[in-house]
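Colleague: Sequence isn't available, so here's the structure alone:
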């Protein structure tokens, strides 16, 4: 392979002599072009940033919408509110259907907690109830009750 020296290569004149005052006007030309480009590209940067925020804003709007939608639903009523909607007859029928005895119900009731409520009841029938021994004996005989039951 033949060795080539750089000095032997043909050097064509690519650059010609610049016009007079070209380099004096060059900073002004560059400033005009960059100022014109930056003012137009500033709007593009704002729109690009705004477009990047659109998905985040949409997700935030959906969260606000759904939280407002679900918070408008009525609160779940408590146990007392649900129980007040059921009639006493329905409760009695339900307990009879389950074959729950009175003894089982009384085992679950705290009578000590209920006793202050019953002490303040002023029922004229209960307060003036006077049963004589003779009427009790008649009831025993009528229903064939034994003294040991009482």
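Modeller: Ah, there it is. The structure presented is a predicted model; accordingly, all values stated were derived computationally and were not measured.

Colleague: Toward the C-terminus, what is the element adjacent to the host helix or strand of residue 47?
Modeller: Using DSSP states H and E, residue 47 maps to helix 22-71. The first helix or strand that comes after helix 22-71 along the chain, using DSSP H and E, is helix 79-84.

Colleague: What residues sit buried inside that next one?
Modeller: Of the residues in helix 79-84, none is buried under the neighbour-count criterion (16 or more other Cβ atoms under 10 Å). C-beta coordinates here come from the backbone N, C-alpha and C atoms, glycine included.

Colleague: Does anything pack onto that helix? Which helices or strands?
Modeller: When contacts are defined as 3 or more Cβ pairs under 8 Å, 6 or more residues apart in numbering; DSSP states H and E, helix 79-84 packs onto no helix or strand at all.

Colleague: from the chain's centre, how far out does that helix sit?
Modeller: 24 Å (Cα atoms, centre = their mean, to the nearest Å).

Colleague: what does it rub up against?
Modeller: Helix 79-84 is contacted from outside by no residue at all, using Cβ atoms under 8 Å, 6 or more residues apart in numbering.

Colleague: Give me the contact list for the next helix or strand after it.
Modeller: Scanning forward in sequence from helix 79-84, with DSSP H and E defining helices and strands, the next element found is helix 88-97. Surrounding helix 88-97, the residues in contact under the criterion Cβ under 8 Å, 6+ apart are residue 105.

Colleague: how many neighbours does residue 95 have?
Modeller: Each residue near residue 95 was counted by other Cβ atoms under 10 Å, and the total is 14.

Colleague: any idea how far it lies from residue 87?
Modeller: Using Cβ to Cβ, to the nearest Å, one gets 13 Å for the distance from residue 95 to residue 87.

Colleague: which residue is nearest the centroid of this protein?
Modeller: When the chain is reduced to its mean C-alpha position, the closest residue under Cα atoms, centre = their mean turns out to be residue 67, at 6.7 Å.

Colleague: got the contact list for that residue?
Modeller: With the criterion set at Cβ under 8 Å, 6+ apart, residue 67 makes contact with nothing.
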